[in-house]
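A.B. asks: Need coordinates for the below:
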Amino acid sequence: MPATPLLPSPAEPAGIPAKGPLNALENASSAAILRVLRVTLHTGFAVLLAVALVRMLVAGGPLRWLWAAAAVVLAAVYLAGTVLEKRHAEARTGFNPRRFGLLWLGLVTALWAFLLAGSADFAWLAFPIFFLHLHLLPRRAALPAIAAMTMAVIASQWAASGAPVPHAAAVVGPVLGAAFSVITGLAYAALYREAENQRRAADELRRTREELARSQHEAGMLAERERLAREIHDTLAQGLSSIVLLGRAAGQSLDEGDAATASARLALVQQTAADNLAEARSFVRGLASPQLEGATLVEALQRLCDRTETDAAASGMALRCRLEVDGEPRDLPQPVRVTLLRAAQASLANVREHARAATAVVSLAFLGSEVTMDIYDDGTGFDPSAAAAATGAADGSGFGLRSLAERVRALNGSVAVESAPGEGTVVGIRLPLAGGIDG
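C.D. replies: Numbering: from 1, shown residues only. This is a model prediction of the structure:
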């Protein structure tokens, strides 16, 4: 059965969704034309049926009440199909009348043919019925049906005239009317198809927008999750690791009876915890690192080097850390300052915890159009490919390098790690500065 409506409802244009400003703007003109055509079709059918019924009753005849009853049945069938389609189009009923379209059309045509056999006044009802055939039937079936109905109209007019030969007007009028109906019906079908295409395009656009919004939301969630992971790793996790190492060192000092050293290490534990608490509060508020508040990047890096030496000494390691600056220090954009500080924190934490190095050097260079930072240590070194393979391990190992790379890539920079077992490590970072560094 065809999927097209029996008679598209004037209240809800077939194929034109009533929701959404986009659909309303795209389909307003087509909807208005289709609505006018439908209203005209329904009104024309009702007027022609009423006029024919009145003329037949006025003319009299022994079977006029039979024809009148048939006309009432035709009106009821036509009205039932229209009302059911309208209610279905407005989603007010679950019953779908469209699958009964051909049956409804056949019943309407059969009742019209029965009435035409009784009175030629019903002949002009053929023209609105032509539109139904063009709308519900394939064109190769609709056109022969319209031709047969036109012949029936001509025959009824000829029989009613009683002339031995049909008058020219009785032939030309129905033929021209049928041709006009076919042309108008085909135009209606073209408009209907265009409206359907617009509806599908609008639905596809709406679905695409919804999918895009959903994917952007998911991407935003993943990006925020990655950002949280980087911040936690580079601040809180490193601080907690230092607290654990300092706590162990303080415990060893207590076991050895060295209360003064234990007290100094516990003071470092308190200071580290306070610093991380400040980082956590700043992190929650979405602010920059407290170490950069009221300080330049060079000053923050120098304090970081001093703190690295202190923490290493408290843990029983002889690690010397120094800062070297090349070029005239300039004010840097806040994202660049934060990224370089976090990179230095993560790299020096790795040196302190894993490298067993005697020397670490942080080299910061201001080169006009970019800023670079190298973190070198003379420790045990490692295999960078093995470290990359360890990224995402259950214990969190290997995340630092990936976090550093993601931070730098977010600013269109680059990271290079050069290391080998027993040969130390160099982490090189380059960050471009749009328009160079302002003097």
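A.B. asks: Now do the strands for the stretch 51-200 of the chain: every range, in order, please.
C.D. replies: Taking DSSP state E, counting those that start in this stretch, the stretch 51-200 of the chain contains no strands at all.
A.B. asks: so where does residue 323 fall, helix or strand?
C.D. replies: Residue 323 belongs to strand 320-326 when assigned by DSSP states H and E.
A.B. asks: Doesn't residue 330 belong to a helix?
C.D. replies: No. Per DSSP: H, G, I helix; E, B strand; the rest coil, residue 330 lies outside any helix segment and is coil.
A.B. asks: Neighbours of it, how many?
C.D. replies: Look at residue 330: counted by other Cβ atoms under 10 Å, it has 15 neighbours. Heads up, the C-betas are built off the backbone N, CA and C, glycines and all.
A.B. asks: before we move on, what about the one 5 residues further on?
C.D. replies: Using other Cβ under 10 Å, residue 335 has 13 neighbouring residues.
A.B. asks: what about it, helix or strand, and which?
C.D. replies: helix 334-350.
A.B. asks: Residue 273 too?
C.D. replies: helix 259-285.
A.B. asks: Any idea how far that helix is from the middle of the chain?
C.D. replies: 46 Å (Cα atoms, centre = their mean, to the nearest Å).
A.B. asks: CA atoms of the next helix or strand after it as PDB?
C.D. replies: Downstream of helix 259-285, the first helix or strand assigned by DSSP H and E is helix 297-314. Only the C-alpha atoms of helix 297-314 are listed here, as PDB (Å, rounded to 0.1, in the frame of the first residue of the first chain):
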ATOM      1  CA  LEU A 297      58.400  32.900  35.700                       C
ATOM      2  CA  VAL A 298      62.200  33.200  36.400                       C
ATOM      3  CA  GLU A 299      61.500  33.700  40.200                       C
ATOM      4  CA  ALA A 300      59.100  30.800  40.300                       C
ATOM      5  CA  LEU A 301      61.600  28.500  38.600                       C
ATOM      6  CA  GLN A 302      64.400  29.600  40.900                       C
ATOM      7  CA  ARG A 303      62.200  28.800  43.900                       C
ATOM      8  CA  LEU A 304      61.400  25.400  42.400                       C
ATOM      9  CA  CYS A 305      65.100  24.600  42.000                       C
ATOM     10  CA  ASP A 306      65.800  25.600  45.600                       C
ATOM     11  CA  ARG A 307      62.800  23.500  46.800                       C
ATOM     12  CA  THR A 308      64.000  20.600  44.700                       C
ATOM     13  CA  GLU A 309      67.400  20.700  46.400                       C
ATOM     14  CA  THR A 310      65.800  21.000  49.800                       C
ATOM     15  CA  ASP A 311      63.400  18.100  49.300                       C
ATOM     16  CA  ALA A 312      66.200  15.900  47.900                       C
ATOM     17  CA  ALA A 313      68.500  16.700  50.800                       C
ATOM     18  CA  ALA A 314      65.700  15.900  53.300                       C
END
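A.B. asks: Report the contact partners of residue 339.
C.D. replies: Residues near residue 339 by Cβ atoms under 8 Å, 6 or more residues apart in numbering: 407-408, 410-411, 413, 431.
A.B. asks: most neighbours, which of these?
C.D. replies: When neighbours are taken as other Cβ under 10 Å, the top entry among the contacts of residue 339 is residue 407 (25 neighbours).
A.B. asks: Return the alpha-carbon coordinates of the strand holding residue 323 using PDB.
C.D. replies: What follows is strand 320-326 as a C-alpha-only set of coordinates in PDB (Å, rounded to 0.1, in the frame of the first residue of the first chain):
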ATOM      1  CA  ARG A 320      72.200  20.200  43.000                       C
ATOM      2  CA  CYS A 321      69.700  22.100  40.900                       C
ATOM      3  CA  ARG A 322      70.400  25.400  39.200                       C
ATOM      4  CA  LEU A 323      68.600  27.700  36.800                       C
ATOM      5  CA  GLU A 324      70.200  29.300  33.800                       C
ATOM      6  CA  VAL A 325      68.500  32.100  31.800                       C
ATOM      7  CA  ASP A 326      69.500  33.100  28.300                       C
END
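A.B. asks: Show me what it packs onto, helices and strands only.
C.D. replies: helix 297-314, strand 359-366 (3 or more Cβ pairs under 8 Å, 6 or more residues apart in numbering; DSSP states H and E).
A.B. asks: and the shortest one, which residues are buried?
C.D. replies: Judged by neighbour count using 16 or more other Cβ atoms under 10 Å, the buried positions of strand 359-366 are 360-364, 366.
A.B. asks: could I get these as JSON lines with distance to residue 334 and pLDDT?
C.D. replies: Below are the buried residues of strand 359-366 laid out as JSON lines (distance: Cβ to Cβ, whole Å; pLDDT from 0 to 100):
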{"residue": "360", "distance to residue 334": "26", "pLDDT": "94"}
{"residue": "361", "distance to residue 334": "25", "pLDDT": "94"}
{"residue": "362", "distance to residue 334": "20", "pLDDT": "94"}
{"residue": "363", "distance to residue 334": "22", "pLDDT": "94"}
{"residue": "364", "distance to residue 334": "16", "pLDDT": "94"}
{"residue": "366", "distance to residue 334": "16", "pLDDT": "91"}
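A.B. asks: now these as TSV including distance to residue 336?
C.D. replies: Output for these, formatted as TSV (distance: Cβ to Cβ, whole Å):
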residue	distance to residue 336
360	22
361	21
362	16
363	16
364	11
366	11
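A.B. asks: picking up where we left off before, what strands line up against the strand holding residue 323, and which way round?
C.D. replies: Using DSSP bridges, the strands paired with strand 320-326 are strand 359-366 (parallel).
A.B. asks: could you give the angle of the strand it pairs with to helix 334-350?
C.D. replies: Between the axes of strand 359-366 and helix 334-350, defined by axes from the mean of the first three to the mean of the last three Cα atoms, to 10 degrees, the angle is 170 degrees.
A.B. asks: okay, the spatially most central residue of the chain: pLDDT?
C.D. replies: With the centre of the chain defined as its mean C-alpha position, the nearest residue by Cα atoms, centre = their mean is residue 212, 2.2 Å away. We note a pLDDT of 83 for residue 212 in this prediction.
A.B. asks: what's the answer for residue 324, then?
C.D. replies: 93.
A.B. asks: Find the nearest non-adjacent residue to it, please.
C.D. replies: With Cβ to Cβ, 6 or more residues apart in numbering as the criterion, residue 324 has its nearest non-adjacent residue at 4.6 Å, and that residue is residue 363.
A.B. asks: same deal with residue 264?
C.D. replies: residue 314 (7.1 Å).
A.B. asks: which residues of the stretch 51-200 of the chain score low on pLDDT?
C.D. replies: Counting by pLDDT under 70, the ranges of the stretch 51-200 of the chain that qualify are 89-95, 166.
A.B. asks: OK, contacts around the residue nearest to the centre of the chain?
C.D. replies: Residue 212 neighbours (Cβ under 8 Å, 6+ apart): none.
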